[in-house]
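kindly return the folded structure for what I paste below:
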Amino acid sequence: MKVGVSYNLFDGEELLEGSIKSIRESVDYVSVVYQTISNFGDAANDRLVPLLNKLKEEGLIDELFEFRPNVNKGGHFNELNKRNIGIALSQGAGCTHHMSMDSDEF
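Presented below is the predicted three-dimensional model:
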């Protein structure tokens, strides 16, 4: 069994490191599907990408994927696509099991 987790992230990045640390020893692969523009066209916090790169360098994140939303399609469409990308990333890493998470889940 190989367990993969994919975080769906636009905001709430201040909780991400703690959430990953709470599960990292129990999972084999962690990806983050993030966006720098919200589903409605708002910009992400300037600290988002530097934090993600730091966590990747530290080995807490295995893979980062920047998602570019279609702001004309709305939140549900984009969120579903992000979660499906996370599943595909886990599959690509050879995971047999997958969990989709948000940064406020521990």
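
tell me where this protein has strands.
3-9, 29-34, 63-66, 97-101 (DSSP state E).

in TSV: those strands, plus distance to Leu52, mean neighbour count and mean pLDDT.
C-beta here means a position set from N, CA and C on the backbone, and glycine is covered the same way. Listed next are the strands of the chain as TSV, based on distance: least, CB to CB, whole Å; neighbours: other CB atoms under 10 Å; pLDDT from 0 to 100:
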stretch	distance to Leu52	mean neighbour count	mean pLDDT
strand 3-9	8	23	97
strand 29-34	6	24	98
strand 63-66	6	15	98
strand 97-101	15	17	97
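
save the ones you listed as CSV, and put in distance to Lys82 too.
Supplementary listing: those in CSV, determined by distance: least, CB to CB, whole Å:
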stretch, distance to Lys82
strand 3-9, 5
strand 29-34, 5
strand 63-66, 9
strand 97-101, 9
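
ok, which of the ones you listed comes nearest Gly86?
Closest of those to Gly86 is strand 3-9, at 2.7 Å (criterion: CB to CB).
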